[in-house]
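> only geometry, no sequence info:
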Ligand code: NAD
Ligand code: IPM
Ligand code: MN
């Protein structure tokens, strides 16, 4: 039996609900493929603030670094919204990403079964957003709020990218596109921002090393429009931290709900971080209403990208597809004629189906 150490970071809001379900699904799929998991549950975000006064305790980051992979739910909530910047739950997540050096964030939008877009627009969509995750305006200096010479408050942040940061995320994107349909669209704002001018220059220069990949460029405002006009034109998208944050929430709606979109955050070496792209959804927390599929699919990405366990990953992906085809729907993707279920029931159904799947590979 192969053994893996997994750090679980449930976090806040619906985080604990969806992580406990994804853990069951992971265990189930693993046991069928001869994998044994040892889970270490650690606090992050608001939960950690309440417990020990910081959003990312030392024990949490060291457990994450020592594990084979990390599965996170979500962080944040009203209770901590007025905290100082360094005592916000979000800070804990950003510190975790920086600490694990997971610069490459893969956010796939594929299952369009529950899309609210017209069938002919959504059907067949299969796109991957490659988001830079440890740079850009999220981390750029200088930043802050100061009082200017007129005594007025001024808030400021800095969009900054070094050449090597662009180069390494672009390489991940070219490699990703190469394994998919060979099309890469780099999204920037090079008509206005210098950081984007450098971004475009470096991505363009790299294209020579990937003659099999067709590279195009698009401004982010146009990309936001094209994503809902004709999402099928996209295969792989590569973009910076903040544009990737926004475009991936938009891409999630092609699938029908933000509750469906998983992600993998990868570094050059060391454990990957796997998390749904959605937040802690405080409006529905604790009510068994959350869609667990984004976290379940993040567990599948953990198996595939984090551990190289493709068979177990496939079991989960197929089980999710079958559950959707059988009409199982949480509130966010419910429509007339389907079966409305809660978070737990959706999880139990996927667990049952994981048992029945016979992966073809
Ligand atoms: P959100 O993603 O939490 O919620 C947006 C809307 O989508 C809400 O109506 C929510 O109910 C719904 N939703 C989200 N996930 C769902 C799911 N799995 N099933 C069904 N419905 C779902 O975004 P927000 O409201 O802007 O942010 C809430 C908090 O979460 C904030 O504190 C924010 O900072 C934090 N946040 C954390 C992460 C993360 O941990 N990675 C991501 C985004 C936001
Ligand atoms: C996400 C979230 C985070 C981000 C926040 C909570 C820091 O929105 O994972 O998409 O902006 O990256
Ligand atoms: Mn986001």
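Structure's in. What do you need? Only a predicted model underlies this, so the values are computations on that prediction, with no experimental measurement involved. Numbers count the residues shown, from 1 in each chain. Ligands and ions are numbered 1, 2, ... in the order given.
> which residue does the stretch 201-350 of the chain have closest to ligand 2?
residue 245 (4.4 Å; C-beta to the nearest ligand atom). From N, CA and C alone the C-beta is placed, and that goes for glycine too.
> does that residue really touch residue 131, like I thought?
Yes - with contact defined as C-beta atoms under 8 Å, residue 245 counts as touching residue 131 (6.9 Å).
> what pLDDT is listed against the residue of the stretch 201-350 of the chain closest to ligand 2?
At residue 245, the model reports a pLDDT of 98.
> so where does it fall, helix or strand?
Take DSSP states H and E as the rule and residue 245 turns out to sit in helix 241-255.
> show me what contacts the residue of the stretch 101-250 of the chain found nearest ligand 1?
In the stretch 101-250 of the chain, the residue that lies nearest ligand 1 is residue 249 (7.6 Å; C-beta to the nearest ligand atom). The neighbourhood of residue 249, defined by C-beta atoms under 8 Å, 6 or more residues apart in numbering, consists of 258, 277.
> local confidence estimate at it?
Model confidence at residue 249, given as pLDDT, is 96.
> what's the distance between it and residue 16?
Separation of residue 249 from residue 16 (C-beta to C-beta, to the nearest Å): 22 Å.
> and for the residue nearest to the spatial centre of the chain, nearest residue in space, chain neighbours not counted?
Of all residues in the chain, the one closest to the mean position by C-alpha atoms, centre = their mean is residue 263, 2.8 Å from it. Leaving aside its sequence neighbours, residue 263 sits nearest to residue 107 (C-beta to C-beta, 6 or more residues apart in numbering; 4.6 Å).
> any low-confidence regions in the stretch 251-361 of the chain?
Residues of the stretch 251-361 of the chain meeting the criterion pLDDT under 70: 359-361.
> same thing but at 50, please
Under the criterion pLDDT under 50, the flagged ranges of the stretch 251-361 of the chain are 361.
> and it, which of its residues are near ligand 1?
Within reach of ligand 1 by C-beta under 6 Å from any ligand atom, the stretch 251-361 of the chain has these residues: 258-259, 275, 278-284, 290-291, 294, 332.
> recalculate using a threshold of 8 Å.
Contact residues (C-beta under 8 Å from any ligand atom) of the stretch 251-361 of the chain with ligand 1: 257-259, 275-284, 289-295, 330-332, 343.
> what helices and strands are in contact with the helix or strand containing the residue nearest to residue 263?
For residue 107, the host element (DSSP H and E) is strand 104-109. Counting contacts by 3 or more C-beta pairs under 8 Å, 6 or more residues apart in numbering; DSSP states H and E, strand 104-109 is packed against strand 127-132, helix 163-179, helix 241-255, strand 264-266.
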